[in-house]
Every structure is written in structure tokens, then in C-alpha cells.
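Visitor: Provided below for reference: sequence and predicted model.
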Amino acid sequence: MHHVRFRDPAGSIREGTYDSETDTVAFAGEEYALDDPAIDVLPPTEPTKIVCIGRNYADHADELGNEVPDRPLLFLKPPNALASHGDEITVPAGKDRIDWEAEIAVVIGEQCKDVDAADAMDVVAGFTCMNDVSNRDDQNQEQNWVRGKAFDGAAPLGPVLATPDEVPDDASVELRVNGETKQSSDRAHLMFDVPTLIEEITTYLTLEAGDVISTGTPEGVGALSDGDTVAVEVEGVGTLEHDVRVP
């Protein structure tokens with residue numbers, strides 16, 4: 001099943017279901033096209049935090065000249081970084097390089113701590129798409145990556161939440177910029193799989209229902225330009241689209 005959060009024509013926030021065959025959203029007997037201008041598609045969850053994974057595809061670590069870590073490399077994005085399907089994000093001004101990074105994102109379904117990998121999928125509500133928009137200028141100059149990763153609009157997320165049964169173990173992830181494919185890989189190439197990530201993360205911090213784990217990006221990252229349209233597609237989920245404004 002696919003779930004979608006949206007603001008209806010009356011301004012109320014609703015949680016409806018999405019039909020991928022008809023590309024429509026349904027709630028309480030009303031039906032809308034996903035791109036209907038009368039509704040606003042919202043991020044499919046309201047996380048207290050987004051836990052991101054760095055260098056979780058060997059080919060991406062290699063393209064940046066980095067070693068693959070011996071344990072998951074964790075960093076955080078705060079809720080202010082969220083952006084929605086269909087948004088235009090405005091990236092920090094005066095930077096030489098703001099990159100796209102397509103990622104498969106996991107949405108947590110319940111509060112959890114100290115979860116064993118064998119039980120990890122029991123706490124997963126589903127999957128969605130994310131673009132880990134990255135300010136390389138500042139990321140390369142700081143250790144905590146706040147300027148590099150946590151700026152407003154740095155985490156477009158959506159458009160829907162797909163339950164785990166909808167997303168194959170080897171689900172593909174692809175990113176296109178202005179229709180041209182820039183990244184293409186699959187979930188099977190993760191260095192640390194989803195259960196391993198959940199076990200590692202919950203060893204150190206409590207995850208709340210709605211929190212997001214963004215599992216890392218494959219090779220093919222590159223610089224965004226003013227006016228770009230970005231599409232992130234995850235097999236079994238759908239396609240997240242957003243535009244880019246460079247001041």
C-alpha cells in the first residue's frame with residue numbers, strides 16, 4: 001500500500017492512499033490527481049530527525065576519493081531541511097558546488113531503542129525517496145556538516161510512503177536531472193543493509209515514529225544549476241520531483 005500526506009483544497013492536512021496505476025490520491029471518497037494544483041503533496045512523514053548514512057555505496061566513496069567506512073558513517077539532518085514533492089528548493093547562495101544525491105529512505109513506524117538486526121524490519125513503516133542535497137563548499141571545510149547538509153530544503157522527501165511489501169530487496173534507485181539519468185543503482189549494493197543500520201543507530205539513540213533513515217547515495221553525484229528539475233525514483237515507491245533555485 002502507498003500512503004500520502006497532502007493539504008486538501010480546504011487547507012486541511014489529510015493522510016490518504018495513493019494509486020500508482022491511476023496516479024491519484026484518495027481520502028474520504030474524494031480523489032485527486034497527484035499533480036492536481038488544488039492539493040499540496042507534503043512529505044510523507046513528520047520526523048523529529050533524519051539520520052543519514054555516508055559512503056554506504058562503495059562506488060560513491062570511490063568517486064569522492066574516500067575509503068569505505070568499517071561501520072556506518074552517521075550524520076543528521078533536522079526537520080527544517082524537509083521539502084516536498086513539487087517544491088522549488090532554494091539552495092545557499094554564493095557556493096561553487098551544491099550536489100544532488102538520490103537515496104532510498106526508511107520511515108520508522110514506532111519508538112524504538114536497542115533493536116537487533118533480526119527484528120529491525122518490525123519497526124519499519126515503509127520506504128520513500130529522498131534527495132540528500134549537499135553543499136560541498138562547506139561540507140569539505142567542517143566536521144559536523146551542519147552548513148553542508150542541514151540547510152533549509154536540503155532534504156526533499158516523498159512523494160509517498162510505500163509499505164515494506166511494495167519495495168523489493170534489490171529495489172532500484174535512479175536520479176534524473178532535466179530528464180537525463182545521472183545516478184542508477186539498487187538497494188542490493190548497500191554496504192550496510194537496512195537491518196544493520198537500524199541496529200547500529202538504535203544502539204546510540206532512540207528513534208521515534210516518523211523518523212527517517214536515509215540509506216546513502218550511489219555514484220554519479222553532481223552539481224545542481226539554477227532552474228534544474230530533479231527526479232528521484234525508487235522502485236516500488238514512485239518518483240519524487242522538485243525544482244532548484246540558485247540565488
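Guide: Happy to help now that I have it.
Visitor: residues making contact with the helix or strand of the chain with the lowest mean pLDDT?
Guide: Sorting the helices and strands of the chain by mean pLDDT, DSSP states H and E puts helix 58-63 at the bottom, at a mean of 86. The contact list for helix 58-63 (Cβ atoms under 8 Å, 6 or more residues apart in numbering) reads 55, 67-68, 185, 189, 191, 216-221. Backbone N, C-alpha and C define where each C-beta goes, glycine included.
Visitor: give me that answer again for 10 Å
Guide: Residues outside helix 58-63 that contact it (Cβ atoms under 10 Å, 6 or more residues apart in numbering) are 54-55, 57, 66-69, 73, 101, 183, 185, 189-191, 216-222.
Visitor: from the chain's centre, how far out does the lengthiest helix in the chain sit?
Guide: Secondary structure of the chain per DSSP state H: the longest helix is helix 194-204. Chain-centre distance of helix 194-204: 18 Å, with Cα atoms, centre = their mean, to the nearest Å.
Visitor: any idea how far residue 102 is from the residue nearest to residue 57 when sequence neighbours are not counted?
Guide: Once flanking residues are discounted, residue 57 sits nearest to residue 218: 4.3 Å by Cβ to Cβ, 6 or more residues apart in numbering. Computed as Cβ to Cβ, to the nearest Å, the residue 218 to residue 102 distance reads 7 Å.
Visitor: shared neighbours, those two?
Guide: 173-175, 183-185.
Visitor: what element comes up after the least confident helix or strand of the chain heading to the C-terminus?
Guide: Sequence-wise, the next helix or strand downstream of helix 58-63 (DSSP states H and E) is strand 73-77.
Visitor: what helices or strands is that next one leaning on?
Guide: strand 50-54, helix 146-149, helix 194-204, strand 212-214 (3 or more Cβ pairs under 10 Å, 6 or more residues apart in numbering; DSSP states H and E).
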